[in-house]
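Peer 1: the following block contains a protein sequence and its predicted model.
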Amino acid sequence: MLAGRQFSELSDLLASGFAVDRIVRSLARIRVGRAVSEGDIPMLRKAKAVLDDVRSGERWPAERTLNRSSAAAAAAFEDAALVLAVSSGTSEEFDTAMSRLDAALGRLLEGRVPPSQQMDELFSFFADVSRRRFEESQNIVMSASTPAWPQQVAARRQNPGGSG
Amino acid sequence: MATTSSGPAPESWREWLASEQIERSLIFSERIRRAKRMQYPSEIEPELLRFLDSANSLIRQQLEELKSDPGFADLPDREAETQLLRFSILYTHLCFAAALVEGASQTQAVAELAAPLKRTLVPVLGTANLLLHPLPEINYSFLDLGELLNSVVNEMGLTQDALPRDLYAVGFPSLQEEWSLMHCIIGHELGHALYKRFRMVDKIGPLIRIDEAKINDLVGSIHRDVWGYEADAHAPVESQAQLPLGSVQLRAATYKAVSRVLEYWIEEICSDGIGLHLFGPAFLLSAISFLANTRGLDYCSDDHPPARMRFRILFSLLRLRMPVGQSKNGPWSSYQPVLGQHVAAFLDTWESLVNAADVGFSNPYHAIAGSAILAVYPRMCARLQKLISQSLQYDIRQHVGDIEHLERDILLSIPPNEVRGGDGMRPAALASIFNAGWRAYLGGVQRLAKENGWSAWEAKAKLNQWVAKGIELAEVQTRWGEVQ
């Protein structure tokens, strides 16, 4: 049985996971040499919003308050920090890695394809975020079991007047 | 993606996985078809089933399209696998929603509550749809179901009619479904709905002051004490194998943990405040009955603050208005007449117990979040009180006469469904019935037991049945009044 919070978190992870999957498919098309299409632009804008959330999450305690997007931004920061863990353990390295991603995405939004190494980094970042959201959602599902309602309940529903 | 000699050919495994997901969708479709044949207490259950059916058809179509999507074909294997496996999680999610419908409002005792609870929300929200469903555990729960399902479908890029935004699922403990007085706690679950609708986090959140230094100290101390090197430095080469994460990762994990706890705890506390405003002291009594008897005063988790902290804030809210009476813990508020002698004494005892120890927290994240809330909670209570009273017109303190009348009925073994008013009798409000029920429960059980030759337990069970019957009859009278 999923508790209320688990269902809410699972919904958020699914919603954001499917959104990132669409970004990943757009980046995959561009990465193998296809041109940036009009259909890719909304996905690239979403990608930009993800990176903005990461930056906002990193600054959160300095803003010293709480609002609707604080927890989501902090979660985006954690996603990014873990995804970039191999290349950035210190704040400076993390900042450099994020700036490279920002620059690559900025070029794409202008309709220009970045050099292949930057394109690969950008693709890997979102592919890893997608994987991480899948693994987190799988952890929620594995820590719960979906209720299977007793057969007699179903029988009573179908035959309310009967003995069930 | 591993393949075996009996499994799919390596070049076709994606298509095979997608086809399996499509078959899963067909099985789900069959389940929905069966569920649609059942009978439901309101229109919202069939509407939710129609939504799930329609979403399921579109998901099937999306899976078919995915097989020919060049973006999907261009994905490396690992990414393609992730994207296909996400549909398995999606079906767990959809099955859970379907199970809520199948189990909704099964029993008479709780089904009677749905309409008056909805009636409580409608003046504030305009419209509301409630789906009450039993839980196997001794707990209550809240889901903003319409919002959550709509958001998943939207992010998948599916275009279909949205569910009503105000569709809320409220779970109750099936073991105690007939213990009507405890269901006042649903006031807290309705509080979640109002909290979200009025975006209270943006109004209460700015009062909170995050102690950045405390968070950074925590990160630093974990580095030094657990990891053995200073924050924002590279791990010593000899420890890199054991410590794959750097300071950024630790900082990020701490920010996420603290912000999540804060977000959840503030919502819980505000929902308590709304529950108190909706149902008056009866809400606090059911909260004590439920929380003290399931989790204890000092248990806390990432999503729920310790009950001791919640009760302190509730007592503060109850005492916030101008004093009209005195109790040994200080002046009671204008709620005193609502309380009556026995309830006031019971609350005094519990307040002393709650105040007998400091609020404790089980880990440093909880401590940072909890102390940020405790530092401002008097201001938080005042703002909450203002926000709530702007939104909710009903005030239990204006219905003391009704509560006293209904309490007398209960003690005469009469269901508490109507009160004198205007030219004759009128149906009693849900909050009045709950408060009268609690007054009779705390002050009259012994008398009922003695007069009828019942055990105390039998008297309590009867009392809960009369309260349930009172709620049912008041609803029938209200509807009758609406059609006349």
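Peer 2: Received, thanks.

Peer 1: verify the stated contact: B:Gly246 with A:Glu92.
Peer 2: No: counting by CB atoms under 8 Å, B:Gly246 stays clear of A:Glu92, with 10.7 Å between them. Quick note: C-beta positions are derived from backbone N, CA and C, even for glycine.

Peer 1: between these two, which is the more surrounded one?
Peer 2: Ranked by neighbour count (other CB atoms under 10 Å in any protein chain shown), B:Gly246 and A:Glu92 place B:Gly246 first, with 26 against 11.

Peer 1: ok, that one to B:Tyr365 distance?
Peer 2: Distance, B:Gly246 to B:Tyr365, by CB to CB, to the nearest Å: 20 Å.

Peer 1: with A:Leu108 instead?
Peer 2: 37 Å.

Peer 1: could you grab the helix/strand/coil label for residue 85?
Peer 2: Looking at chain A here, since you left the chain open. The assignment at A:Ala85 comes out as coil when based on DSSP: H, G, I helix; E, B strand; the rest coil.

Peer 1: what does B:Leu131 give?
Peer 2: Reduced to three states by three-state DSSP, B:Leu131 is strand.

Peer 1: for it, name its beta-bridge partners.
Peer 2: Beta bridges link B:Leu131 to B:Ala169 when assigned by DSSP bridges.

Peer 1: how about the one 10 residues further on?
Peer 2: Going by DSSP bridges, B:Ser141 is paired in beta bridges with B:Gly171.

Peer 1: so is stretch B:39-54 next to chain A?
Peer 2: Yes: judged by CB under 8 Å from any CB of the partner chain, stretch B:39-54 and chain A are in contact via B:Gln39.

Peer 1: so what touches that stretch?
Peer 2: A:157, A:160, B:28-29, B:32-33, B:35-36, B:94, B:97-98, B:100-101, B:104-105, B:111, B:114, B:129-131, B:145, B:149, B:160-161, B:163-164, B:167 (CB atoms under 8 Å, 6 or more residues apart in numbering or on different chains).

Peer 1: show the pLDDT at B:Pro378.
Peer 2: At B:Pro378, the pLDDT value in this model is 81.

Peer 1: buried residues in the helix or strand hosting it?
Peer 2: Secondary-structure assignment from DSSP states H and E places B:Pro378 in helix B:364-391. Buried residues in helix B:364-391, counting neighbours by 16 or more other CB atoms under 10 Å in any protein chain shown, are found at B:364-370, B:372-374, B:377, B:380-381, B:383-385, B:387-388, B:391.

Peer 1: give me the low-pLDDT residue ranges for the stretch 1-150 of chain B?
Peer 2: B:1-11, B:104-109 (pLDDT under 70).

Peer 1: show me what from it comes close to chain A.
Peer 2: Residues of the stretch 1-150 of chain B lying close to chain A (CB under 8 Å from any CB) are B:34, B:37-39, B:69-72, B:74-76, B:78-79, B:82-83, B:85-86, B:89-90, B:92-93, B:95-96, B:99, B:102-103, B:106, B:135-137, B:139, B:141-144, B:148-149.

Peer 1: neighbours of residue 68, just the number please.
Peer 2: I'll assume chain A. 14.

Peer 1: hmm, I had chain B in mind actually
Peer 2: So B:Ser68, with other CB under 10 Å, has 8 neighbours.

Peer 1: check B:Ser352 too.
Peer 2: By other CB under 10 Å, the residues close to B:Ser352 number 11.

Peer 1: kindly report the same for B:Leu448.
Peer 2: Neighbours of B:Leu448 (other CB under 10 Å): 22.

Peer 1: what's the per-residue pLDDT of it here?
Peer 2: pLDDT, read off for B:Leu448, is 92.

Peer 1: gap between the helix or strand hosting B:His405 and the chain center?
Peer 2: Using DSSP H and E, B:His405 maps to helix B:400-411. The chain centre lies 30 Å from the centre of helix B:400-411; the measure is CA atoms, centre = their mean, to the nearest Å.

Peer 1: so what does it touch, helix or strand wise?
Peer 2: Here helix B:400-411 touches helix B:336-355, strand B:418-421, helix B:430-452, helix B:456-483, going by 3 or more CB pairs under 8 Å, 6 or more residues apart in numbering or on different chains; DSSP states H and E.

Peer 1: what separates B:Gly360 from chain A, distance-wise?
Peer 2: Taking CB to the nearest CB, to the nearest Å as the measure, B:Gly360 falls 22 Å from chain A.

Peer 1: do the same with B:Glu212
Peer 2: Taking CB to the nearest CB, one finds B:Glu212 at 4 Å from chain A.

Peer 1: contact partners for that residue?
Peer 2: A:61-62, A:64.

Peer 1: can you count the residues close to the closest residue to A:Asp128 other than its chain neighbours?
Peer 2: Among residues not flanking A:Asp128 along the chain, A:Val83 sits closest, at 4.2 Å (CB to CB, 6 or more residues apart in numbering or on different chains). Using other CB under 10 Å, A:Val83 has 22 other residues around it.

Peer 1: try B:Val467
Peer 2: 27.

Peer 1: looks like it contacts B:Glu407 (just checking).
Peer 2: No: with contact defined as CB under 8 Å, B:Val467 does not count as touching B:Glu407 (11.0 Å).

Peer 1: between these two, which contacts overlap?
Peer 2: Residues touching both B:Val467 and B:Glu407 (CB under 8 Å, 6+ apart): B:Pro416.

Peer 1: so is stretch A:12-30 next to chain B?
Peer 2: Yes: using CB under 8 Å from any CB, stretch A:12-30 comes into contact with chain B via A:12-19, A:21-22, A:24-26, A:28-29.

Peer 1: show me the contacts of stretch B:39-54 that map onto strands.
Peer 2: B:129-131, B:167 (DSSP state E).

Peer 1: Serialize the residues you listed to a markdown table and add fields for neighbour count.
Peer 2: As requested, the ones in strands among the contacts of stretch B:39-54 are arranged in a markdown table below (neighbours: other CB atoms under 10 Å in any protein chain shown):
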| residue | neighbour count |
| --- | --- |
| B:Asn129 | 22 |
| B:Leu130 | 24 |
| B:Leu131 | 25 |
| B:Leu167 | 24 |
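
Peer 1: for chain A, just list every one of the helices.
Peer 2: For chain A, applying DSSP state H gives helices covering A:4-31, A:40-63, A:70-83, A:91-109, A:116-142, A:151-158.

Peer 1: oh, I was asking about the stretch 151-300 of chain B
Peer 2: B:186-197, B:201-204, B:212-221, B:247-279, B:281-291 (DSSP state H, counting those that start in this stretch).
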